[in-house]
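> Following is a predicted model, sequence given first.
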Amino acid sequence: MRWQIHHLDMVVSTNQTAHSFPVNSVIVAQQQSGGRGRYGRVWESPKGNLYLSVVVGDYEYQTPLLAFVAGVAVAEALSDYPVRLKWPNDVLLDGRKLAGILLERTDDGRTIVGIGVNVASNPTQGMLYETASLGGTVSVATVEANVLSALDMYLTQFETTGFAGIRDRWLHYAAGIGKEVTVRLPDRQLSGIFQEFSPEGALVLATSDKTILISAGDVFFK
């Protein structure tokens, strides 16, 4: 694999620490004192779960698609469980959030791909959705190894053949397509049918009067 892995005991957040490391570095921590999710939300980070951040290069306009690459990698790493992918960056188990992904750009164009998986316990503080864990049925080390192996494979596919194949795998695990959803945006809330996952990674929402492409938001299933 391409990764240079650094195991640490406690960090503020693996994403924050990863900013100081070069491309192909992986920061793995046993705990985070200031773990966070999208929009700065708190991500509780006790021992027993997986907290890692991967430093990758500059994918320019395709950078947002890395969330889907990482999502597919996590789903494949956990394919022994009935996991599903929820647009844009959550992994579900039995309809509840099992894992999340957070992308950040550095000032010099690198991308930090943060991944958190609830291996032993599930956080509740500040969560928009119900959460789940694997209940300690597998070790953190095994999940880490499987995630990094799958991420290496799917990043290589993304780099060599583009997003189409990744999109196909994402659709294999997709939750909610064809069903009514509500999408919460920063300034409004929309409801409609989750009609499609576009080739550019957008959620295609069919409302009562038009079809809307949404590039970012929080999705809630009816």
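Structure received.
> Return the set of residues that bridge with the residue nearest the centre of the chain.
Computing the C-alpha centroid of the chain and ranking residues by CA atoms, centre = their mean puts Ile101 first, at 2.6 Å. With DSSP bridges applied, Ile101 shows beta-bridge pairing to Ile115.
> So it is in contact with Val117, correct?
No. Proximity of Ile101 to Val117 does not meet the contact threshold set by CB atoms under 8 Å, at 10.0 Å. The way it works is simple: take the backbone N, C-alpha and C, and place the C-beta from them, glycine included.
> Now for those two: what residues contact both?
Val74 (CB atoms under 8 Å, 6 or more residues apart in numbering).
> thinking again about what came up before, against Val26, how distant is the residue nearest to the centre of the chain?
14 Å (CB to CB, to the nearest Å).
> isn't Ser149 right next to Ala77, touching?
Yes. Applying CB under 8 Å as the test, Ser149 and Ala77 come out as touching, 7.4 Å apart.
> Of these two, which one has the most company?
Ala77 (25 against 15; other CB atoms under 10 Å).
> Just give the closest residue to the more buried one, not the sequence neighbours.
If you skip the residues right next to it in sequence, Ala77 has Asn146 as its closest partner in space, 3.7 Å away by CB to CB, 6 or more residues apart in numbering.
> How about Pro199?
If you skip the residues right next to it in sequence, Pro199 has Arg167 as its closest partner in space, 6.4 Å away by CB to CB, 6+ apart.
> Quick one: classify the one you found as helix, strand or coil.
What DSSP: H, G, I helix; E, B strand; the rest coil gives for Arg167 is helix.
> and if you look at Ala67?
Following three-state DSSP, we place Ala67 in the helix state.
> isn't it right up against Ile101?
Yes. Counting by CB under 8 Å, Ala67 sits close enough to Ile101 to count as a contact (5.3 Å).
> what do these two both touch?
Any residue near both Ala67 and Ile101 by CB under 8 Å, 6+ apart counts here, and that gives Asn89.
> where does the closest residue to Leu134 other than its chain neighbours land in three-state SS?
Nearest residue to Leu134 in three dimensions, chain neighbours excluded: Val119, at 5.2 Å (CB to CB, 6+ apart). Counting by three-state DSSP, the backbone at Val119 sits in coil.
> so where does Gln157 fall, helix or strand?
Element membership for Gln157 (DSSP states H and E) is helix 140-161.
> For the chain, which segments count as helices?
When assigned using DSSP state H, the helices of the chain occupy the ranges 14-18, 66-77, 140-161, 164-173.
> Can I get those in JSON lines including distance to Leu52 and mean pLDDT?
JSON lines is the format used below for the helices of the chain (distance: least, CB to CB, whole Å; pLDDT from 0 to 100):
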{"stretch": "helix 14-18", "distance to Leu52": "6", "mean pLDDT": "95"}
{"stretch": "helix 66-77", "distance to Leu52": "11", "mean pLDDT": "98"}
{"stretch": "helix 140-161", "distance to Leu52": "6", "mean pLDDT": "98"}
{"stretch": "helix 164-173", "distance to Leu52": "20", "mean pLDDT": "97"}
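> of all those, which gets the most neighbours per residue?
Of these, the one with the most neighbours on average (mean count of other CB atoms under 10 Å) is helix 66-77, at a mean of 25.
> ok, back up a step: got a markdown table for the helices of the chain, with distance to Glu60 too?
Putting those into a markdown table (distance: least, CB to CB, whole Å) gives the following:
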| stretch | distance to Glu60 |
| --- | --- |
| helix 14-18 | 20 |
| helix 66-77 | 11 |
| helix 140-161 | 12 |
| helix 164-173 | 17 |
